[in-house]
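Undergrad: Sharing a model that was predicted from the sequence below.
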Amino acid sequence: MSATFLQAKSLSKLFPDGLGVKKTDLSIEPGHVTAIIGASGSGKSTLLRLLYGLLSPDEGEVRFKGEKVWGPEVKLIPGHDAMKMVTQDNDDLNLFAKVWDNVASLMPNTNVKEKEERTEKVLKQLNMLQLANHRIADLSGGERQRVAIARALITHPEVLLLDEPFNQVDTSFRDGLQEDIRQIVKETGLTVVMVSHDPAEVLSMADMLLVLKEGEIIESGHPKKIYNDPKYLYTAKLLTNCNVLTQREAALCGIHAHKDHVMLYPEWIEATTTWRRRNWIVKQVLFKGFYEELLLENNGVLLRILNGQAEKYIEGDKVNLKVGKYLEY
């Protein structure tokens, strides 16, 4: 096996209920953000724990810089020394201690000056310095997650593993935290491997996307490439609320399909009133801020599309469709 940065070879870990990871090969590039996505029970968190050494595989192995990552049957304190993991639970935070003390406690007291400088630097990187003297118990969920990440980063890990890191974080807070992590990756060369169920997270944050289905990686690549041309309908459904039609239903959109299913993203379809035939009825108009979602119906077939011109259509309007792109599966 070549000494790549972080690699799994023929990795498998199955539980009695049949869930887990099956014969998986993967290679993580250093200095990048890699996101693992998949349906519930697809093995995302199990794969992350195998990479870190919290679980021992049934078969195969994980190697970091050419050396085997040992599991808890060998290592007294599970987890590779060059990696840190952050989950959504934050169970290791001292709720009644201050932010500063929670983060600084991970550094030894052999060099007090370095400890203080490093703590201050990490808190600045995550925009937490103003909360240094606040108790964890007084923080919001998003702020606690920042503290957990700061604790992981203060020891200079080479790999940061994030298991659903933004699950309990408000959208506005999440965006800022994502930007901070991306900046840290850019400045330090940190490698991030994250598990997520939210397409907004992976599409804006990841350099590489791994799609997991029933314990197996079915496709991988840059998020933009996978979003625009997913190999599997499963992947498209994970990434967005797409339209999936049968051949008969697709014919109502003017699509003559050769395969069983047709997938259209809402942004690939445009409503128009310029043509004489208007067979689609606007059933709902959903306000989304700078755009709207239109729910259209034709002979019992429902279609969700995007409309960038607010208030152009109202419920009951009859429209036709202009399909820019579709994929068959």
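TA: Looks like it came in fine. Numbers count the residues shown, from 1 in each chain.

Undergrad: Got the domain ranges for the chain?
TA: 6-232, 241-328 (automatic domain parsing).

Undergrad: Leaving aside the residues adjacent along the chain, what's closest to the residue nearest the centre of the chain?
TA: In the chain, the residue lying closest to the centroid (CA atoms, centre = their mean) is residue 196, at 3.3 Å. Excluding its sequence neighbours, the residue lying closest to residue 196 (CB to CB, 6 or more residues apart in numbering) is residue 202, at 5.3 Å. All C-beta spots, glycine's among them, are computed from the backbone N, C-alpha and C.

Undergrad: quick one: contacts for the one you found?
TA: By CB atoms under 8 Å, 6 or more residues apart in numbering, the contact set of residue 202 is 35, 37, 194, 196, 209, 223, 239.

Undergrad: same thing but at 10 Å, please
TA: 33-37, 194-196, 208-211, 223, 226-227, 238-239 (CB atoms under 10 Å, 6 or more residues apart in numbering).

Undergrad: wait, is it part of a helix?
TA: Yes. Residue 202 sits within a helix when classified using DSSP: H, G, I helix; E, B strand; the rest coil.

Undergrad: could you check the distance from it over to residue 123?
TA: 27 Å (CB to CB, to the nearest Å).

Undergrad: Touching, residue 102 and residue 150? I think so.
TA: Yes. With contact defined as CB atoms under 10 Å, residue 102 reaches residue 150; the gap is 8.1 Å.

Undergrad: Return the distance of residue 277 relative to residue 254.
TA: The spacing between residue 277 and residue 254, counted by CB to CB, is 10 Å.

Undergrad: can you give me the helices for the protein?
TA: Secondary structure of the chain (DSSP state H): helices located at 44-52, 99-104, 112-125, 141-153, 171-188, 199-205, 223-228, 233-239, 247-251.

Undergrad: ok and the third one relative to helix 141-153, angle-wise?
TA: With axes from the mean of the first three to the mean of the last three CA atoms, to 10 degrees defining the directions, helix 112-125 sits at 140 degrees from helix 141-153.

Undergrad: Now do helix 112-125 and helix 171-188, the angle between them.
TA: 130 degrees.

Undergrad: Kindly export helix 112-125 (C-alpha atoms) in PDB.
TA: Extracted as PDB, the C-alpha positions of helix 112-125 are listed here (Å, rounded to 0.1, in the frame of the first residue of the first chain):
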ATOM      1  CA  VAL A 112       2.500  29.000  30.200                       C
ATOM      2  CA  LYS A 113       3.200  31.800  27.700                       C
ATOM      3  CA  GLU A 114       2.800  29.400  24.800                       C
ATOM      4  CA  LYS A 115      -0.400  28.100  26.300                       C
ATOM      5  CA  GLU A 116      -1.900  31.600  26.600                       C
ATOM      6  CA  GLU A 117      -0.800  32.600  23.100                       C
ATOM      7  CA  ARG A 118      -2.100  29.500  21.500                       C
ATOM      8  CA  THR A 119      -5.400  29.700  23.300                       C
ATOM      9  CA  GLU A 120      -5.800  33.300  22.300                       C
ATOM     10  CA  LYS A 121      -5.000  32.500  18.700                       C
ATOM     11  CA  VAL A 122      -7.400  29.700  18.400                       C
ATOM     12  CA  LEU A 123     -10.200  31.700  19.900                       C
ATOM     13  CA  LYS A 124      -9.500  34.500  17.500                       C
ATOM     14  CA  GLN A 125      -9.600  32.100  14.500                       C
END
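
Undergrad: Contacts only, for residue 46.
TA: The contact partners of residue 46, by CB under 10 Å, 6+ apart, come to 11, 13-15, 19-21, 24, 54-55, 57, 195, 212, 215.
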